[in-house]
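>>> Generate coordinates for the sequence data below:
(one chain, ligands or ions: 1)
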Amino acid sequence: MPKLCVIPGDGIGLEVVPAAVSVLELVIPGLEVIQAQAGWGCFQRNGVSVLPETLTAIRECGAALFGAVSSPSKKVEGYRSAILTLRQSLDLYANIRPVRSLPGVSPRSDIDMIIVRENTEGLYAGLETLENGRATATRVITRAATLRIAEQAVSILRNLHRKKISIVHKANVLPLTDGLFRDTVREVIAQHQREGLQMETDEILLDLAALKMLSAPEKYDVIVTTNLFGDILSDAAAYWCGGMGLAPSINLGDGVALAEPVHGSAPDIAGKGIANPIAAILSAALLVHYAWNLPDIAHQIENAVEKTLASFVETGKMASLNQLSTNQMLEEIILRL
Ligand code: GGG
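Residues are numbered from 1 along each chain as shown. So this is what the prediction gives:
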């Protein structure tokens, strides 16, 4: 029986994660759920952003659903972002962010891309120094980490019957770091092509990739890129599925997965019971698919979300969608599960 570690985190994470867990409990009867702590609130209560027992619980379950974190934008002694700590401590090296058109909320109906983002290094390696008025962040790209993210992108292409991988980089101005990234991904792709895997590939400089995200998003299929580039590009891509409130993601490591909505803790609406739980529910579906290998159940959840949104379109009630409380939206989705 699947086991789930639940970490609501901060802000609206405390509202949307319980909604997603109740969906999981309906589609996977007997699911064992363990509650755990991480986030800024956890730091304020315990002096650490991620409790050691949280890491133990995630490893034991092999699957976790995380909500959101609100880190302060000024350095606080002893604090490190909870989500970055989780990703690095558990070696969750791949961040998978699918972006698909959803009825009524997406500006277009033909978008279906998956962003595969390296999740442990790049500018988020956490290597910052400040000395004599000079702040430095070290951007780390390794062949080892690039090999495994490239393998992950290829495996997603193969398993989900995708056709094309786009490598997004900035090797023209960062020839050593991004050159290594691009060349290593090329090498992995070429190896798979030699072994008979059919796929198209292209390479796009980050700035052009951002423009294309606006002007021709339907051309993207699987995108593979480095940590910060993937973070920015996928947040922009979320526009096409209806915004951050609807964008799911999953962090994958070897034998461990942590799903989380792309959105943050939204302190402006936290505690009001009005946060849209769809991104968290779709993230739970990713967990069902990638961590527990139950694609039919994952599709059941995704279909219920789509049918819910479609019903608002059909009944001309799109305008009232944003007025629904978290629980009302959850009830609408559960009706269609
Ligand atoms: N669910 C993703 C999330 O919480 N995003 C907000 C985020 O990454 N904030 C950065 C941080 O607080 O460390």
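>>> Quick check on G133: phi, psi?
Dihedral pair for G133: phi 70, psi 20, per degrees, to the nearest 10.
>>> That should have said T85, apologies.
When read as degrees, to the nearest 10, the backbone of T85 gives phi -60, psi -40.
>>> now R97
Main-chain torsions, R97, degrees, to the nearest 10: phi -130, psi 100.
>>> I figured it was touching A247, is that so?
Yes - the pair R97 / A247 is scored as a contact, 6.9 Å apart, by Cβ atoms under 8 Å. Where you see a C-beta, it was placed from the backbone N, CA and C, and this is true even at glycine.
>>> Overlap in contacts, those two.
S234, A237, V262 (Cβ atoms under 8 Å, 6 or more residues apart in numbering).
>>> What ranges does this protein have for its strands?
Counting by DSSP state E, the chain has strands at residues 3-9, 32-35, 63-68, 94-100, 112-118, 128-131, 134-137, 164-169, 200-205, 222-225, 248-252, 257-261.
>>> can you tell me which helix in the chain is longest?
helix 295-314 (DSSP state H).
>>> For G39, which residues are in contact?
When the contact criterion is Cβ under 8 Å, 6+ apart, the partners of G39 are I7, G9, D10, G13, S49, A68, V69, S70, A82, S265.
>>> do E118 as well
E118 touches Y93, A94, N95, A145, T146, I149, F181, T225, T226, N227, G230, counting by Cβ under 8 Å, 6+ apart.
>>> burial count for the third one?
Pointing back at N95 there. Number of residues near N95 (other Cβ atoms under 10 Å) recorded here: 25.
>>> Verify the contact between it and T120 for me.
No - assessed by Cβ under 8 Å, N95 is found out of contact with T120, at 9.4 Å.
>>> which residues are in contact with both of those two?
Taking Cβ under 8 Å, 6+ apart as the contact rule, N95 and T120 both touch R87.
>>> Leaving out chain neighbours, which residue sits closest to L294?
Distances taken as Cβ to Cβ, 6 or more residues apart in numbering place V288 nearest to L294, at 5.0 Å, with adjacent residues excluded.
>>> Wait, that neighbour touches D296, no?
No - with contact defined as Cβ under 8 Å, V288 does not count as touching D296 (9.1 Å).
>>> Between the two, which has more neighbouring residues?
Taking neighbours as other Cβ under 10 Å, V288 and D296 compare with V288 leading, 26 against 9.
>>> And the pLDDT at that one?
As predicted, V288 sits at a pLDDT of 98.
>>> before we move on, back to that, just the shared contacts of R97 and A247 now: which is nearest the ligand?
When those are compared for distance to the ligand (Cβ to the nearest ligand atom), V262 wins out at 6.1 Å.
>>> give the contact list for that closest one.
Contacts for V262 (Cβ under 8 Å, 6+ apart) come out as R97, S234, D235, A238, M244, A247, P248, S249, A279.
>>> All the helices of the stretch 101-250 of the chain, in order from the start?
For the stretch 101-250 of the chain, the helices defined by DSSP state H, counting those that start in this stretch occupy 143-159, 177-194, 206-215, 227-237.
>>> can you put those helices in JSON lines and add mean pLDDT, mean neighbour count and distance to the ligand?
Formatted as JSON lines, the helices of the stretch 101-250 of the chain follow (pLDDT from 0 to 100; neighbours: other Cβ atoms under 10 Å; distance: least, Cβ to the nearest ligand atom, whole Å):
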{"stretch": "helix 143-159", "mean pLDDT": "98", "mean neighbour count": "19", "distance to the ligand": "19"}
{"stretch": "helix 177-194", "mean pLDDT": "98", "mean neighbour count": "18", "distance to the ligand": "22"}
{"stretch": "helix 206-215", "mean pLDDT": "97", "mean neighbour count": "16", "distance to the ligand": "19"}
{"stretch": "helix 227-237", "mean pLDDT": "96", "mean neighbour count": "21", "distance to the ligand": "8"}
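>>> can you list these in TSV and add distance to L309?
TSV is the format used below for those (distance: least, Cβ to Cβ, whole Å):
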stretch	distance to L309
helix 143-159	25
helix 177-194	35
helix 206-215	22
helix 227-237	18
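>>> Among the ones you listed, which comes closest to N303?
Closest to N303 of those, according to Cβ to Cβ: helix 143-159, at 19.4 Å.
>>> So what's the residue count around G243?
Residues near G243, counting by other Cβ under 10 Å, number 17.
>>> Could you spell out which stretches of this structure belong to which domain?
Domain segmentation of the chain under automatic domain parsing yields 1-93+244-337, 107-241.
>>> Span of the last one from start to end?
Read it as domain 107-241. End-to-end distance of domain 107-241 (Cα to Cα, to the nearest Å): 8 Å.
>>> ditto for the longest one
As for domain 1-93+244-337, its first-to-last residue distance stands at 21 Å under the measure Cα to Cα.
>>> One more: stretch 249-265?
Terminal-residue distance, stretch 249-265 (Cα to Cα): 15 Å.
>>> what is the mean pLDDT for that stretch?
Summarised as a single mean, pLDDT over stretch 249-265 is 97.
>>> dump the residue contacts of A275.
Taking Cβ under 8 Å, 6+ apart as the definition, contacts of A275 comprise I12, E15, V16, G245, A266, I269, T326.
>>> filter these to the buried ones?
Buried by 16 or more other Cβ atoms under 10 Å: I12, E15, V16, G245, A266, I269, T326, out of the contacts of A275.
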